[in-house]
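Novice: Just to be clear, the model below is a prediction. Sequence and coordinates:
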Amino acid sequence: MYTFVCDLNDLTAIPALVTKIIAEHGSIDILVNNAGINLKKEFTEVTDEEFQKILLTNVTAVFALSREVVKCMLDKKIGGSIINISSMASQYGIPKVIAYSASKSAIEGMTRAMAVELSPTGIRVNCIAPGFIATDMSAKALNNDPERKNKVMNRTPMGHLGDPADIGDAAFFLAGVQSAYVTGIILPVDGGNSIGF
């Protein structure tokens, strides 16, 4: 396993990161855009700077990294798979996460546009929309808000939070040959939350 560290908010560092990976490993076949941050705050209290910070990490960095990786994929003529990570926050309105919701809605639109433009070159682009997964981020959002946590659980037919491995398994599927004819989809992995009542 190899690790490269990069602050994706430093957009100028992204091309050098991709160049370094290619120099050491020859190509990039799969990209999972998983970096993301959240902000839980009343709509009227969110500052312009806070809104822009969420968009920088969750949207602009995804675009910039994808662009650089796609250049490599096109140059090497290897095709590839790009997997973006969205959220249930893009599927329906959730209070107090306006910037996060906007960013994840943008990711879904980007996924479709990228898929239409890039799929003819052999580069598939898909998106996973996780429901409520047992992570530090969801714990921060839910554990101090019993009303919100109860609402989440009551509308999730499977009756429990997902495991991070559930998202990993979905990404593995979308990255591999089993999904060779799949592009441009938004795949909810949410225990049925998006269709719950």
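Specialist: Received, thanks. Numbers count the residues shown, from 1 in each chain.

Novice: how about the strands in this protein?
Specialist: 30-33, 80-85, 123-130, 186-189 (DSSP state E).

Novice: which strands and helices sit next to the first one?
Specialist: In other words, strand 30-33. helix 61-76, strand 80-85, helix 164-175 (3 or more Cβ pairs under 8 Å, 6 or more residues apart in numbering; DSSP states H and E). For glycine as for every other residue, the C-beta is placed from the backbone atoms N, C-alpha and C.

Novice: Reformat the strands of the chain as a markdown table; add mean pLDDT.
Specialist: Converted to a markdown table, these look like this (pLDDT from 0 to 100):
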| stretch | mean pLDDT |
| --- | --- |
| strand 30-33 | 98 |
| strand 80-85 | 98 |
| strand 123-130 | 98 |
| strand 186-189 | 98 |
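
Novice: Can you check which of those gets nearest to V116?
Specialist: strand 123-130 (8.8 Å; Cβ to Cβ).

Novice: Tell me the buried residues in the worst-scoring helix or strand of the chain on mean pLDDT?
Specialist: Counting by mean pLDDT, DSSP states H and E, the chain has its least confident helix or strand at helix 136-142, which shows a mean of 80. Using 16 or more other Cβ atoms under 10 Å as the test for burial, helix 136-142 gives S138, A141, L142.

Novice: neighbours around the closest residue to the second one other than its chain neighbours, how many?
Specialist: Spelled out, that is A141. Counting by Cβ to Cβ, 6 or more residues apart in numbering, A141 lies nearest to K40, which is 5.8 Å off, once chain neighbours are set aside. Residues contacting K40 under the criterion other Cβ atoms under 10 Å number 16.

Novice: do the one 4 residues further on as well
Specialist: A count of nearby residues for T44, using other Cβ under 10 Å, gives 6.

Novice: could you measure it against P95, distance?
Specialist: 12 Å (Cβ to Cβ, to the nearest Å).

Novice: N150 too?
Specialist: The value you get for N150 to P95, if Cβ to Cβ is used, is 15 Å.

Novice: How much space separates I185 from L142?
Specialist: From I185 to L142 the distance is 27 Å (Cβ to Cβ).

Novice: And the residue nearest the centre of this protein?
Specialist: Nearest residue to the geometric centre of the chain (Cα atoms, centre = their mean): I85, 1.6 Å.

Novice: beta partners for that one?
Specialist: I128 (DSSP bridges).

Novice: Does it touch N58 like I think?
Specialist: No - with contact defined as Cβ atoms under 8 Å, I85 does not reach N58; the gap is 9.2 Å.
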